[in-house]
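Colleague: Predicted coordinates and the sequence they were generated for:
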Amino acid sequence: MRVQFWGTRGSIAKPGPSTARYGGNTSCIEVRSARGTLVIIDCGTGAHPLGQHLLSTSAKGLRGHILISHTHWDHIQGIPFFAPLFVPGNRWDIYGPKGLDQSLRETLAGQMQYTYFPITPDQFGATIHYHDLVEGTFAIDDIKVTTHYLNHPALTLGYRLEADDTTVVYCCDHEPYSRSLAGGRGDIAGQDLRHGKFISGADLLIHDAQYTAAEYPSKIGWGHSSAEYAVLLGQFAHVKKLALTHYDPLRDDAAVDRVLTAIRKGLPASSLIEVFAAAEGEIVEIQPSPSKPSKQRAASFPATVSLTPALAKRSVLLGITKASTAEELSEVIRAEGLRPSFFSTIDEARNVIQKEHPSLVLLEHDRVRVDGMTTCRAIRQARNDETPVVIVATQEDPDGGAAAGVSDWLIMPFTSSYARTKIRAWVLRTECRWIRASIPDNEEGRIAALHALRILDTEPEERFDRVTRLAAALFDVPVAVISLVDESRQWFKSRVGLDAKESSRDVSFCAHAVYSREPIIVSDTFQDKRFADNPLVVDEPRIRFYAGYPLMLDDGNCIGTLCLIDVRPRTLEGPDLERLHDLADIALREILATR
Ligand SMILES: [Zn+2]
Ligand SMILES: [Zn+2]
């Protein structure tokens, strides 16, 4: 394996002349197997230069894995700045310890909430899968990965990577279980012995060494090791090379040198361990030694690791009796990297919630067949927590829902795309900024009037196309459309700059104008709660600006719009709106002439 250090600092980045040699970036390490499998351990600020390096040296379709030790800032702060996550076609798997209350993905999304960061993880262009880990063993291509809980205030995993007959172990952030060992002497027992076994026989051990033995007494409980403890455990476990890392922000290069000199002086002449201070940019190539002495010695420690379930999957609990709905939702849930689980009785539901802590509960409800509201009430009585409980129904009952403790509603029918966006928002505890247009009161009459025009699914016609061409030219927009909204879709009688002939009603901007019967102007979709998460905004055609003028029949029904679309934010005011009105009237006259 080949290891490169991209960040060696602990707690906070510390750039500047006094840290130039060992580096100012926080924890980030790149590991490659001989076969080329790419694993990154921790994504502190060092992930930024690593990401730039990967982009400049890799072909398209980059494939990589990120192991997060824990979600303290100095280990994840580089994620929003890790450019390969934004490139479509790249595939990344992100692994981290499974927390008690939220998934890795929820936690990572937390540092990307609007208050802290302008974009969300949903806007990563790469395909990303998140994996919650417990202790155990799993495989990343040709690398065997074993996880082990460390002693730190946050839930933290150490990683043992085995490939090509070599072993690399990463243990950051970790504090001695027995404080007396921080001085670098003493009997290794109990939990420290377990730690020793986990690192046993490593060709390279990368270990927390934030403090010195002298400093440690004033840092007890802060979750970090002394360099002396790292060396003591490394020797005990017959580690070949020990890289000290996670330097305290107060330690400049000269201080790191002093620590290293003192450590080396203290080693007995017979010691085989090679101790060095990890430096940003440094590369360590690890070759299997022909005699494999470390392996033989390691055999005296039976591997700590025989457990398999390292991957824990988050679940969504479903109380859905209708087979087709259950199937559709399960598919959406799996597509989000979650596991659907089902129950038949309320007691069973309570049990699953107690044991699995699902991220979300979805309950079907109608007035005749299934009573999701009663189940919701029972769940809330048993466990008064924040788990969102969503009712799947054909219509909303806000008052009844509030009384039963319902968090939100998923109104049928819905497209998979809509259900997926909603489920993602519920699981991540973020707001879903995609609101489907309400259905007008006079919907049946409106649909009948639209069908009576006999215009739906007819061929394109010049008399309409000249209107959209004029609109696009007059307002200098790339897209202009005459859009008609029927039961389940919006269909385009004429379109300039747009390939699709129709799209589903729940993504439709025009459906909002159909409901309100007012012109709708959205200056910047990213700033609009109704549209920011809409697939037409997030994906192609990436709408940023929309202006739709309603096409009104004499009976007061709105059948669609003449609308303008741009990929930049902009606005439309006063006289421009009047011109759009004029063009909409021309389009409407042509529609009526069809009859
Ligand atoms: Zn740290
Ligand atoms: Zn930490």
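Modeller: All right, it came through fine. Ligands and ions are numbered 1, 2, ... in the order given.

Colleague: For Thr325, which three-state class applies?
Modeller: Put simply, Thr325 is helix when judged by DSSP: H, G, I helix; E, B strand; the rest coil.

Colleague: Can you show me the helices along the stretch 1-150 of the chain?
Modeller: For the stretch 1-150 of the chain, helices defined by DSSP state H, counting those that start in this stretch occupy the ranges 47-57, 73-76, 104-110.

Colleague: Which strands or helices does the shortest one pack on?
Modeller: Read it as helix 73-76. If you count contacts as 3 or more CB pairs under 8 Å, 6 or more residues apart in numbering; DSSP states H and E, helix 73-76 packs onto strand 38-43. Glycine gets a C-beta too; all of them are placed from N, C-alpha and C.

Colleague: about what we covered before: winner for burial among the helices of the stretch 1-150 of the chain?
Modeller: Scoring these by mean neighbour count under mean count of other CB atoms under 10 Å gives helix 73-76 as the most buried, with a mean of 23.

Colleague: Report the mean confidence score over that helix.
Modeller: Taken as a whole, helix 73-76 has an average pLDDT of 96.

Colleague: quick one: which helix or strand includes Ser417?
Modeller: Element membership of Ser417, judged by DSSP states H and E, is helix 416-428.

Colleague: Can you give me the buried ones in that helix?
Modeller: By neighbour count on 16 or more other CB atoms under 10 Å, the buried set for helix 416-428 is Ser417, Tyr418, Ala419, Arg420, Thr421, Lys422, Ile423, Arg424, Ala425, Trp426, Val427, Leu428.

Colleague: helices or strands next to it in the packing?
Modeller: In terms of contacts (3+ CB pairs under 8 Å, 6+ apart), helix 416-428 is packed against helix 104-110, helix 323-335, strand 360-364, strand 408-411.

Colleague: winner for burial among these?
Modeller: strand 360-364 (a mean of 24).

Colleague: buried sites along the following helix or strand past it?
Modeller: Scanning forward in sequence from strand 360-364 by DSSP H and E, the next helix or strand is helix 372-382. Judged by neighbour count using 16+ other CB under 10 Å, the buried positions of helix 372-382 are Gly372, Met373, Thr375, Cys376, Arg377, Ala378, Ile379.

Colleague: Likewise for stretch 249-263?
Modeller: Neighbour-count burial for stretch 249-263, counted by 16+ other CB under 10 Å, picks out Pro249, Arg251, Asp252, Asp253, Ala255, Val256, Val259, Leu260, Ile263.

Colleague: Spatially nearest residue to the fourth one, not counting backbone neighbours?
Modeller: Leaving aside its chain neighbours, Asp253 sits nearest to Arg21 (4.4 Å; criterion: CB to CB, 6 or more residues apart in numbering).

Colleague: give the contact list for that neighbour.
Modeller: Arg21 is in contact with Asp253, Val256, Ala279, counting by CB atoms under 8 Å, 6 or more residues apart in numbering.

Colleague: phi, psi of the closest residue to the last one other than its chain neighbours?
Modeller: When you say that, I think you mean Ala279. Leaving aside its chain neighbours, Ala279 sits nearest to Tyr22 (4.9 Å; criterion: CB to CB, 6+ apart). Torsion angles at Tyr22 (phi, psi; degrees, to the nearest 10) stand at phi -90, psi -10.

Colleague: any idea how far Tyr22 is from Val259?
Modeller: Shown here: Tyr22 relative to Val259, a distance of 11 Å by CB to CB, to the nearest Å.

Colleague: Report the set of residues contacting both of those two.
Modeller: The contact sets of Tyr22 and Val259 overlap at Ala277 (CB under 8 Å, 6+ apart).

Colleague: Where does pLDDT dip in the chain?
Modeller: Applying pLDDT under 70 to the chain flags residues 100-101, 290-311, 313, 383-385, 595.

Colleague: Thr37: neighbour count?
Modeller: Under the neighbour criterion other CB atoms under 10 Å, Thr37 is assigned a count of 19.

Colleague: now the nearest residue to it once chain neighbours are set aside: how far from Leu54?
Modeller: Setting aside the residues directly before and after it, Thr37 is nearest to Asp141 in space (CB to CB, 6+ apart), at 4.2 Å. For Asp141, the distance to Leu54 equals 17 Å [CB to CB].

Colleague: again with Leu317
Modeller: Note on Leu317: its distance to Leu54, by CB to CB, is 38 Å.

Colleague: who in this protein is up against ligand 1?
Modeller: Within the chain, the residues that sit near ligand 1 (CB under 5 Å from the ion) are Gly10, Asp74, Asp173.

Colleague: Those residues: which ones sit near ligand 2?
Modeller: Restricting these to those near ligand 2 by CB under 5 Å from the ion leaves Asp173.

Colleague: Quick one: neighbours of the closest residue to Gly266 other than its chain neighbours, just the number.
Modeller: Sequence neighbours aside, Gly184 is the residue nearest to Gly266 in space, at 7.1 Å (criterion: CB to CB, 6+ apart). Gly184 is flanked by 18 other residues according to other CB under 10 Å.

Colleague: list the contacts for Gly184?
Modeller: Counting by CB under 8 Å, 6+ apart, Gly184 has contacts Ala213, Ser226, Glu228, Tyr229, Val231, Leu232, Gly266.

Colleague: which ones are touching the residue lying closest to Ile346 once chain neighbours are set aside?
Modeller: In space, and not counting its chain neighbours, Ile346 is closest to Ala378: 4.8 Å by CB to CB, 6+ apart. By CB under 8 Å, 6+ apart, the contact set of Ala378 is Ile346, Ala349, Arg350.

Colleague: now Thr325
Modeller: Here Thr325 is in contact with Glu364, Val392, Met412 (CB under 8 Å, 6+ apart).

Colleague: rerun at 10 Å
Modeller: Contacts for Thr325 (CB atoms under 10 Å, 6 or more residues apart in numbering) come out as Leu318, Leu362, Glu364, Val392, Leu410, Met412, Pro413, Phe414, Ala419.

Colleague: what bridges to the fifth one?
Modeller: Per DSSP bridges, the residues bridged to Leu410 are Val392.

Colleague: any idea how far it is from Ala402?
Modeller: Taken as CB to CB, the span from Leu410 to Ala402 is 16 Å.

Colleague: cool, the third one as well?
Modeller: Glu364 sits at a distance of 19 Å from Ala402 (criterion: CB to CB).

Colleague: about what we covered before: among the contacts of Thr325, which pair sits farthest apart?
Modeller: Taking CB to CB, the two most distant members of those are Leu318 and Pro413; they sit 17.6 Å apart.

Colleague: between the two, which one's more packed in?
Modeller: Neighbours per residue (other CB under 10 Å) separate Leu318 from Pro413, with Leu318 holding more: 23 against 12.

Colleague: Surely the more buried one and Val361 touch.
Modeller: Yes. Leu318 is within contact range of Val361, at 7.9 Å (criterion: CB atoms under 10 Å).

Colleague: part of a helix, is Arg160?
Modeller: No. Using three-state DSSP, the secondary structure at Arg160 is strand, not a helix.

Colleague: What is the neighbour count of the closest residue to it other than its chain neighbours?
Modeller: Closest residue to Arg160 apart from its sequence neighbours, by CB to CB, 6+ apart: Thr146 at 4.2 Å. For Thr146, the neighbour count with other CB under 10 Å is 23.
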